[in-house]
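> Predicted model and sequence below, questions to follow.
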Amino acid sequence: MQKIKKILVLLLILFCIPIITLAQEIDDEYEELDYVWLEEEIENAKKEVEPQIDSRCALVFDRGSKTVIYGKAESKKVPMASTTKIMTAIVMLENIGDLNERIEVCKEAASIGGSRLGLKVGDKITYNDLLYGLMLCSGNDAAVQIAVSIGGSIERFAELMNEKTKELGLENTNFIVPHGLDNENHYTTALELAIITDYALNIKEFSKVVSTKTYTVIINNYPKNIRNTNELLGYLDGVNGVKTGFTNGAGRCLVTSVSRNSFNIITIVLGADTKKIRTKDSIKLIEFTYNNYELVDMEDMVNNAFKEWKNVNEKRIKVYKGEDRHIKVSLGVQKYKKYPIKKSEKNNIYININSIFQLEAPVEKNRKIGDVKVVLNNWNIMNIDILNNKIVSRKTCLDYINELFQMYKIKVFKSGIKIVSSQKKHPLQDVLFLEATPGFEPGNQSFADSCLTTWLCRHNMKFLLMNNLLLPATRFARCILML
């Protein structure tokens, strides 16, 4: 009797294993939704001031500014189930040359459990159809076949996936498998999954696949129709992708991309207890965002404010000891062109502009001389550098002499002095080679003596060479008046 009980327990365990695996497969299959229930949820979501989210992790990510609009535990490391396949698709698309290449299905792919495209050992299928099977019906068999065909093994393909995460600057994501079945070392965060998804959506072929509701793949020259498991695709306004997921460890997951009036967002829901909750939470996040936020044209706002400031202040910026007394200013790179702002806070944005108004030459091009701050409710959204757009060289001794002659228009200098050249390498530093010209007339000696001597000392000119005679600067004016 005891032996019979043990046999029955063993049979029960063996019977339950395929049921558990099948449960994962069924959850990721296409399922018709109760549209009456969905309509009610959409209307309720539009009334919420803040979304009440039941999933363990959630996020709204603005694709334009790459910023978080809403987050719940968005930096927590969690398993992500079949949303893993977003990275699988990225690595595949970046490592093959021809999507129409046909490959033969291996035993490892054919024997994997969970949601499946339905591949068998020896089947012939193209990479293109594997991609559709991966992203529409969430085929784990397609994921394994992609990994083996491109990486040579699941382990090597996982290395390629992790190399991509490093390239994207992600620190809290690690891949072990290409399909997302539970593994304690396989995880990401809602935020980093959004960054991965944003990157993937910039790949034309990926974007096309995840926005497809139904597709016909060809396996061994026989057609097979598959449908997208994303319950919101083709139903909720603006939804155009991207991926569902479920495992016992990860719970129900849904990554959704939405576009309305050029306002593009990604919503992430991870760790929902039921499929209904993940759908409900996704709808809440989407409707909350579009009902409460709008994109503000930061670039236009900043450019207009800077133009007004520049018209008043550019000429007030003085350059001392420079060949030119003024500079030309321009704006540096703006981090955000458009930025999501709560509609109720649009009027709380202000722009603060600061600048240096006194500079000493030399002033190099692209030198920062100030900044523009965009502030919302005492929170700094971004800083933009104000840059000098013009090289201003430092005056030489020769420049100062010419300037002095022009400034005072002293008659004696016009007829009596001719500047021949300047010499920078003289051991006594700044030296000018000058010579008296024929027809010299003294003019106002006391005035010339005072002005020139003061000027020479002010600009640290220690000696001058006149008619081959090296003279101290303080004696220079007297000397030229006595010629």
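Good, I have the coordinates.

> so where's the stretch 251-400 of the chain uncertain?
Flagging of the stretch 251-400 of the chain using pLDDT under 70 yields the residue ranges 400.

> could you pull out the strands for it?
Counting by DSSP state E, counting those that start in this stretch, residue ranges of the strands within the stretch 251-400 of the chain are 251-260, 263-272, 293-297, 318-320, 329-331, 338-342, 349-355, 358-360, 368-376, 379-388.

> just these: most buried one?
Compared across these, strand 263-272 shows the largest average neighbour count, a mean of 26 (mean count of other Cβ atoms under 10 Å). Where you see a C-beta, it was placed from the backbone N, CA and C, and this is true even at glycine.

> got the angle between that one and strand 338-342?
Relative orientation of strand 263-272 and strand 338-342, computed by axes from the mean of the first three to the mean of the last three Cα atoms, to 10 degrees: 60 degrees.

> Distance of K213 relative to T229?
For K213, the distance to T229 (Cβ to Cβ, to the nearest Å) stands at 11 Å.

> same thing with E192?
For E192, the distance to T229 equals 22 Å [Cβ to Cβ].

> follow-up on the earlier one: possible to save the strands of the stretch 251-400 of the chain as JSON lines with distance to A142?
As requested, the strands of the stretch 251-400 of the chain are arranged in JSON lines below (distance: least, Cβ to Cβ, whole Å):
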{"stretch": "strand 251-260", "distance to A142": "18"}
{"stretch": "strand 263-272", "distance to A142": "22"}
{"stretch": "strand 293-297", "distance to A142": "37"}
{"stretch": "strand 318-320", "distance to A142": "66"}
{"stretch": "strand 329-331", "distance to A142": "48"}
{"stretch": "strand 338-342", "distance to A142": "36"}
{"stretch": "strand 349-355", "distance to A142": "47"}
{"stretch": "strand 358-360", "distance to A142": "63"}
{"stretch": "strand 368-376", "distance to A142": "45"}
{"stretch": "strand 379-388", "distance to A142": "42"}
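
> Nearest to T67, out of those?
The minimum distance between T67 and the strands of the stretch 251-400 of the chain falls on strand 338-342, with 7.0 Å, by Cβ to Cβ.

> Neighbouring strands of that closest one in the sheet, and parallel or not?
In the sheet containing strand 338-342, the strands it pairs with under DSSP bridges are strand 293-297 (antiparallel).

> And for the strand it pairs with, what's in contact with it?
Outside strand 293-297, the residues that touch it by Cβ atoms under 8 Å, 6 or more residues apart in numbering are 64, 69, 262-263, 337-343, 346, 349.

> do that again at 7 Å, thanks
G64, I69, F263, K338, Y339, P340, I341, K342, K343, K346 (Cβ atoms under 7 Å, 6 or more residues apart in numbering).

> Closest to M92 out of these?
Looking at those and their distance to M92, the nearest is G64, at 26.9 Å (Cβ to Cβ).

> Work out for me the element the closest one sits within.
Taking DSSP states H and E as the definition, G64 sits outside all helices and strands.

> Quickly list what the closest residue in space to it that isn't next to it in sequence is bridged to.
Spatial nearest neighbour of G64, chain neighbours left out: K338 (5.3 Å); criterion: Cβ to Cβ, 6 or more residues apart in numbering. K338 has the following beta-bridge partners by DSSP bridges: D297.

> wait, what's in contact with K338?
The neighbours of K338, taking Cβ under 7 Å, 6+ apart as the test, are G64, S65, L295, V296, D297, M298.

> Would you check that my belief about the first one contacting N264 is correct?
Put plainly, it is G64. Yes - counting by Cβ atoms under 7 Å, N264 is a contact partner of G64 at 6.3 Å.

> For N185, grab the count of nearby residues.
When neighbours are counted by other Cβ atoms under 10 Å, N185 registers 10.

> What does the pLDDT read for the closest residue in space to it that isn't next to it in sequence?
Counting by Cβ to Cβ, 6+ apart, I176 is the residue found nearest to N185 once chain neighbours are left out, at 5.2 Å. pLDDT, I176: 98.

> Now I176: phi and psi?
Reported as degrees, to the nearest 10, the phi and psi values for I176 are phi -120, psi -30.

> repeat for T214
In terms of degrees, to the nearest 10, the main-chain angles of T214 are phi -130, psi 150.
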